[in-house]
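Novice: compute the structure for the input listed below.
(one chain, ligands or ions: 1)
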Amino acid sequence: MRVLLAEDDPMIGASVRHGLGQDGFAVDWVEDGRAAELALAEGVHDALVLDLGLPKRTGLEVLGAMRKSGDSRPVLVLTARDAVADRVAGLDAGADDYVVKPFDLNELAARLRALLRRGSGRAGRLLASGDVEIDPSTREVRFKGELVAVSPREFALLEALLTRPGVILSRAQLEDKLYGWSDPVESNAVEVHIHSLRKKLGADFIRNVRGVGWMVARGSAAATAASVGVHT
Ligand code: CA
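Specialist: Model prediction:
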C-alpha cells in the first residue's frame, strides 16, 4: 500500500515515514499543502496521512478540495493534543479518522490499515486467493494453512494482487505499490519478487498475462470448501 504523508514537522515526518516504512507501506512525504495537492493529483496513493497545520495550503484546505473533487481516498488526520476544534473540523471536512500527537506509530499503522480495509469494502481482515491467505494487520502469509516467510516488498506485492483478485495489474501499477519516490526502482524487481513468491506459494498462484501484467484468481480454497459444504 502506498501512502502520502503531508507533515511539515521534520521530526514527526521522518519518524512516521520510517515507522510506516518498517510496517511495509511505501511512503511519500511532502511538507506543504500545495505539494500534497500535486502529489494527490497523480492518483497513485491509497491513503493520505494529513497534518492540519501545513504551510501554503492548510490540511483542511487540502482535504476540502479533495472531497469537493470527488476524491474519496481514506484520510487520516494528525492533530495536536487538546485541539478538539481541529478534530471536529477535520471530520466535518471529510477526514475518516484522526490520531492525536504525540501518537504511537503502531497505532497509526493499525488505524491506517483499518481505513484501507474499509475503503476496499472488505469486512474481514484476511485476504485470500486459492491456497494463499494474508493478514494485512499482522503481515502473516499462509499457504495451505502453513505460515510462510516473505519480505516486506513481497508482502506489498501480494497485498496489491490480493486486494484486486481477478484484475490484471501492470508492472507500473505494481511498482507504484512497492516504491515511494525516494526509493530507487530496481529493474526487473517485480519479476524477481514474483519468481520468489511462486517458489514459496506455488507456481500457478500468480498468473502472468504476457505483455499486460499479473493477477491472482478470485476466490479461495477455504471459501470454495465452505460453499460446497452448504450443498451437501
Ligand atoms: Ca504542522
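Novice: how about the residues of this protein by the ion?
Specialist: With C-beta under 5 Å from the ion as the criterion, the chain comes near the ion at residues Asp8, Asp51, Gly53. (Glycine included, C-beta is placed from N, CA and C.)
Novice: turn the residues you listed into a markdown table, columns for pLDDT.
Specialist: As requested, these are exported to a markdown table (pLDDT from 0 to 100):
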| residue | pLDDT |
| --- | --- |
| Asp8 | 97 |
| Asp51 | 95 |
| Gly53 | 92 |
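Novice: for the residue of the chain at minimum distance from the ion, what are its contacts?
Specialist: Residue nearest to the ion within the chain: Gly53 (3.5 Å; C-beta to the ion). Residues near Gly53 by C-beta atoms under 8 Å, 6 or more residues apart in numbering: Asp8, Gly59, Ala80.
Novice: check Thr138 too.
Specialist: Applying C-beta under 8 Å, 6+ apart, no residues contact Thr138.
Novice: now do the SS call for it.
Specialist: coil (DSSP: H, G, I helix; E, B strand; the rest coil).
Novice: hmm, back to that, and the residue of the chain closest to the ion, how far is that from Ala14?
Specialist: Look at Gly53 and Ala14: by C-beta to C-beta, to the nearest Å, they are 17 Å apart.
Novice: with Gly213 instead?
Specialist: 34 Å.
Novice: quick one, which of those two is more surrounded?
Specialist: More crowded of Gly213 and Ala14, by other C-beta atoms under 10 Å: Gly213, with 18 against 12.
Novice: dump the residues of the chain next to the ion into a markdown table; add distance to Asp135 and secondary structure as well.
Specialist: Formatted as a markdown table, the residues of the chain next to the ion follow (distance: C-beta to C-beta, whole Å; DSSP: H, G, I helix; E, B strand; the rest coil):
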| residue | distance to Asp135 | secondary structure |
| --- | --- | --- |
| Asp8 | 34 | coil |
| Asp51 | 30 | strand |
| Gly53 | 35 | coil |
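Novice: domain ranges for the protein?
Specialist: 2-119, 127-228 (automatic domain parsing).
Novice: longest helix in the chain, by number of residues?
Specialist: helix 105-119 (DSSP state H).
Novice: quick one: it to chain centroid distance?
Specialist: Here helix 105-119 is found 9 Å from its chain centre; the criterion is C-alpha atoms, centre = their mean, to the nearest Å.
Novice: equivalent analysis for stretch 79-99, please.
Specialist: That offset, for stretch 79-99, works out to 22 Å (C-alpha atoms, centre = their mean).
Novice: CA atoms of it as PDB?
Specialist: Below are the C-alpha coordinates for stretch 79-99, written out as PDB (Å, rounded to 0.1, in the frame of the first residue of the first chain):
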ATOM      1  CA  THR A  79      -3.900  16.800  15.200                       C
ATOM      2  CA  ALA A  80      -2.400  18.400  18.300                       C
ATOM      3  CA  ARG A  81      -3.400  17.400  21.800                       C
ATOM      4  CA  ASP A  82      -6.400  19.300  23.000                       C
ATOM      5  CA  ALA A  83      -7.200  20.700  19.600                       C
ATOM      6  CA  VAL A  84     -10.700  19.400  19.800                       C
ATOM      7  CA  ALA A  85     -12.000  22.100  17.300                       C
ATOM      8  CA  ASP A  86      -9.400  20.900  14.800                       C
ATOM      9  CA  ARG A  87     -10.500  17.300  15.100                       C
ATOM     10  CA  VAL A  88     -14.200  18.300  14.600                       C
ATOM     11  CA  ALA A  89     -13.300  20.500  11.700                       C
ATOM     12  CA  GLY A  90     -11.200  17.700  10.100                       C
ATOM     13  CA  LEU A  91     -14.000  15.100  10.500                       C
ATOM     14  CA  ASP A  92     -16.500  17.600   9.200                       C
ATOM     15  CA  ALA A  93     -14.300  18.300   6.200                       C
ATOM     16  CA  GLY A  94     -14.300  14.600   5.300                       C
ATOM     17  CA  ALA A  95     -11.500  13.000   7.300                       C
ATOM     18  CA  ASP A  96     -12.000   9.300   8.000                       C
ATOM     19  CA  ASP A  97     -10.100   9.200  11.300                       C
ATOM     20  CA  TYR A  98      -7.500  11.100  13.300                       C
ATOM     21  CA  VAL A  99      -4.700  10.500  15.800                       C
END
